[in-house]
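> next comes the sequence, and after it the predicted model I'd like to discuss.
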Amino acid sequence: MTKRKKISGLLAMMLTLSILSVSALGAAASPKIDSVEYKGKKKIEAEFKGHVEMKDPAVKVTDTSGKKYTASVVKRDEDDITFSVAGLKTGKNYRFEISGIRKAGAEKYTTVKGKFRIAAKTEVLTEHIDYDREDREVTFEFQGKVRWKKAKVTIKDSKGRNMVKKIKEKDSDEVEVSVKKLTPGKKYTYKISGVARKGSKKYRTVKGSFKP
């Protein structure tokens with residue numbers, strides 16, 4: 001191989017690595033949604049992982065059929081945004097897009113996508129799951145008030161091992177359990193039984209998954 005070809009090859013490799021590095025930085029700088037909560041009165045709060053910056057943010061909302069809904073920003077700060085949506089109905093799933101947002105310190109503003117559901121009157125819906133690594137506790141927060149009867153909670157890893165030690169506390173909108181050490185980024189499945197929506201006589205079992 002000639003010296004000129006070697007230099008050309010090295011330049012091409014450096015250019016490729018540079019492009020990959022920029023792409024990786026762009027992906028790392030994209031804001032991430034930590035949780036979405038229905039606050040009642042047609043208001044939705046999206047909370048982000050870490051701090052974000054916004055410039056004339058706008059929200060678009062659609063349901064699963066593609067129908068568009070009028071949305072407006074009510075409040076925003078460095079780690080969350082609250083918006084109201086006209087015409088929301090219970091028992092339906094929705095998707096949203098927030099434009100004019102970037103991770104704090106990032107160069108470009110981008111669009112973030114998320115989804116939410118308005119629980120039906122008797123539906124039990126887990127809305128936010130939080131893992132406290134230091135205390136090894138998992139808290140499940142529900143949309144709306146709930147009540148309990150012979151409650152049981154399991155959190156299983158990919159091998160089917162139950163990570164829950166015991167239920168520490170349960171009240172009208174959440175349940176907290178102590179767990180064995182969970183691995184960040186790893187998927188766990190959960191099952192919560194003996195819980196009913198306030199005003200409903202039917203106790204249900206709620207299932208889902210999360211990554212601490």
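Received, thanks. Residues are numbered from 1 along each chain as shown.
> run a quick neighbour tally on the closest residue in space to K145 that isn't next to it in sequence.
Residue nearest to K145 in three dimensions, not counting chain neighbours: K198, with 3.8 Å by C-beta to C-beta, 6 or more residues apart in numbering. Placement of C-beta: from N, CA and C, glycine included. By other C-beta atoms under 10 Å, 13 other residues sit near K198.
> pretty sure K198 contacts R147?
Yes. With contacts counted by C-beta atoms under 8 Å, K198 reaches R147, the gap being 5.7 Å.
> which residues do these two both contact?
Residues touching both K198 and R147 (C-beta atoms under 8 Å, 6 or more residues apart in numbering): S172.
> distance of K180 from K41?
40 Å (C-beta to C-beta, to the nearest Å).
> equivalent analysis for S209, please.
30 Å.
> more crowded one of these two?
Legend: neighbour count by other C-beta under 10 Å for S209 and K41, higher for S209 (11 against 7).
> so what touches the host helix or strand of the more buried one?
Element membership for S209 (DSSP states H and E) is strand 204-210. Identification of contacts with strand 204-210 by C-beta under 8 Å, 6+ apart yields 124-126, 129, 131, 187-193, 195-197.
> so how far is stretch 96-104 from its chain's centroid?
15 Å (C-alpha atoms, centre = their mean, to the nearest Å).
> for V146, what are its contacts?
Taking C-beta under 8 Å, 6+ apart, we find V146 in contact with 124, 172-173, 195-198.
> with E169 instead?
Going by C-beta under 8 Å, 6+ apart, E169 touches 175-176.
> redo that, cut-off 10 Å
Neighbour list for E169: 137, 139, 175-178 [criterion: C-beta atoms under 10 Å, 6 or more residues apart in numbering].
> which one is the residue positioned nearest the centre of the chain nearest to, not counting chain neighbours?
Among the residues of the chain, the one closest to the centroid is S35, at 3.6 Å (C-alpha atoms, centre = their mean). Leaving aside its chain neighbours, S35 sits nearest to H128 (4.4 Å; criterion: C-beta to C-beta, 6+ apart).
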